[in-house]
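Student: predicted model and sequence follow; I will ask about them next.
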Amino acid sequence: MNDPLATGTGTGTDTDDLLDVLLLTHAEELRSTVARSLHTEAGLEQLSPLRAAEDEARLSNIDVVQEIATEFGMQPAGESPAVRELVDIMGKELAAISKVTGELWRLKALELTRYSLKHLEASVHALLDYERFLRSIRREFRYGVRMDRQRVLQPLNGYTAQLSALTDVLWRNATSTTGAQAQLWASIACSIGERTGVGESLCARIEWIFDRSDEFQEVTS
Amino acid sequence: MTESPATAAHVQTYAVRRLPRDDFDSLYNLEMRAVTVHLIHRGATPYEAADAAHEAFIELLPDRWRVIEHPRAYLRKVAWTKYLRQSHHVESPAGFVPDRVGGTCPISEVILTETQQRIVRAIQQLSPAQQEVLAWQMDGFAYGEIAEFTGKTEMALRTNAKRGRAKLKELLGLAGPGHSHTEEGPSDE
């Protein structure tokens, strides 16, 4: 990215340089000054009631938030075709995870035992965590941020294993129920099974990218 | 100073783009101050700015902050709109703010150094369009991004930035002899 405060004229005079330094330093210092006066803990406390119902609202607002995401989501992916393809697949996968999470959550309307409801909630939260993680690494690939291989692959493998276990549980629910309920469980088990497959494929693609691109290898001590 | 302004800007942009998307507290702590300063540069008092910035965060809840691709840009756009809609002028931290869902972020008196006051006053003397582009730039956004988020053309933004910078140099006593900012043209949109 270019220097945001560059003049754009290509002349780059001394006074331009001086003004750049002055403005950047000033902005940083002013942020610190303001930070000292802001009581952000109290501000966050004020917001806490609005955050409490977050996941519930998350599931009922998928269409709305996707619309906003479209409005504010329009930067080209990284330079490498493999990375661009990865980012595209991740984008589609995020939509698929959102959809299946919503479907799973709607199963709470079924007559579930206390244990099953608790299990259902745990599964939904696991899917939400996975979605957040995937969204986060997708952005990093998209912007070409240097990434640590283990920090990406270890959790991704973990989430994929969770999905696989969840698929088994859902199939057991499908076979232990009958009629429409069994169909619902089976349908979601299929969807989660597909997510597992995509998760494994993402792991393989990411490993391939890490193996072949120095750009994404973290340079750490 | 051991770092060129270009490097400093790059580091800043790099850092903010790695905001953790699973940590609202961090987003709030980092961006509340930055959006407040953004609005100060566009004419708000620190108290009006903090109020509008907090209101913008309310719009990100309960879960928009997780899914939109550009929360920093979104916050600045929404905060600016909130500031314009404020019906009260707040000159002090005790200024009246109507009760609302989500409350406010309390703020104590903001004491600016003489240099800070001088630069803020100079920026606030620019036209709104010049303030806008410089405020976004000081937050690490490039022309292409600003154009995308504000709906203005890059050419208009560059013209306004150029004029704003020329005027700032004069106001801050950085302009060399014979320099003038009074270049006329169709921008300042």
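Tutor: Structure's in. What do you need?
Student: A:Ala204: neighbouring residues, count only.
Tutor: A:Ala204 has 10 neighbours, counted by other Cβ atoms under 10 Å in any protein chain shown. Any C-beta I mention is one placed from the backbone N, CA and C, and that applies to glycine too.
Student: which elements pack onto the host helix or strand of it?
Tutor: Per DSSP states H and E, A:Ala204 falls inside helix A:179-212. In terms of contacts (3 or more Cβ pairs under 8 Å, 6 or more residues apart in numbering or on different chains; DSSP states H and E), helix A:179-212 is packed against helix A:81-106, helix A:149-176.
Student: which residues touch the helix or strand B:Leu84 falls within?
Tutor: In the assignment (DSSP H and E), B:Leu84 maps to helix B:71-85. By Cβ atoms under 8 Å, 6 or more residues apart in numbering or on different chains, the residues outside helix B:71-85 that reach it are A:72, B:16, B:19, B:27, B:31, B:34-35, B:38-39, B:42, B:44, B:48-49, B:51-53, B:55-57, B:59-60, B:64-65, B:68, B:136, B:139, B:141, B:145, B:149-150.
Student: which among those end up buried?
Tutor: Applying 16 or more other Cβ atoms under 10 Å in any protein chain shown to the contacts of helix B:71-85, the neighbour count classes A:72, B:19, B:27, B:31, B:34-35, B:38-39, B:42, B:44, B:48-49, B:51-53, B:55-57, B:59-60, B:64-65, B:68, B:136, B:139, B:141, B:145, B:149-150 as buried.
Student: give the buried residues for the helix holding B:Leu84.
Tutor: Applying 16+ other Cβ under 10 Å to helix B:71-85 flags B:Pro71, B:Arg72, B:Ala73, B:Tyr74, B:Leu75, B:Arg76, B:Lys77, B:Val78, B:Ala79, B:Trp80, B:Lys82, B:Tyr83 as buried.
Student: tell me the one of those residues nearest chain A?
Tutor: In terms of Cβ to the nearest Cβ, no member of those lies closer to chain A than B:Tyr74, at 5.7 Å.
Student: hmm, back to that, mind checking how far the helix holding A:Ala204 is from the chain centre?
Tutor: With Cα atoms, centre = their mean, to the nearest Å as the basis, helix A:179-212 stands 16 Å off its chain's centre.
Student: list the contacts of A:Trp208.
Tutor: By Cβ under 8 Å, 6+ apart, the contact list for A:Trp208 reads A:Ala82.
Student: report pLDDT for it.
Tutor: A:Trp208 carries a pLDDT value of 86.
Student: which residue lies nearest the spatial centre of chain A?
Tutor: Nearest to the mean C-alpha position of chain A, by Cα atoms, centre = their mean, lies A:Arg135 at 2.0 Å.
Student: can you tell me the SS state at A:His119?
Tutor: Recorded secondary structure, A:His119: helix (DSSP: H, G, I helix; E, B strand; the rest coil).
Student: picking that back up, tell me how far the helix holding B:Leu84 lies from the chain's centre.
Tutor: Per Cα atoms, centre = their mean, the displacement of helix B:71-85 from the mean C-alpha position of its chain is 9 Å.
Student: pLDDT weak spots in chain B?
Tutor: Residues of chain B meeting the criterion pLDDT under 70: B:1-22, B:87-100, B:176-189.
Student: can you pull out the helices in it?
Tutor: Ranges of helices within chain B are B:5-17, B:24-41, B:46-60, B:64-67, B:71-85, B:114-124, B:128-138, B:143-150, B:154-171, based on DSSP state H.
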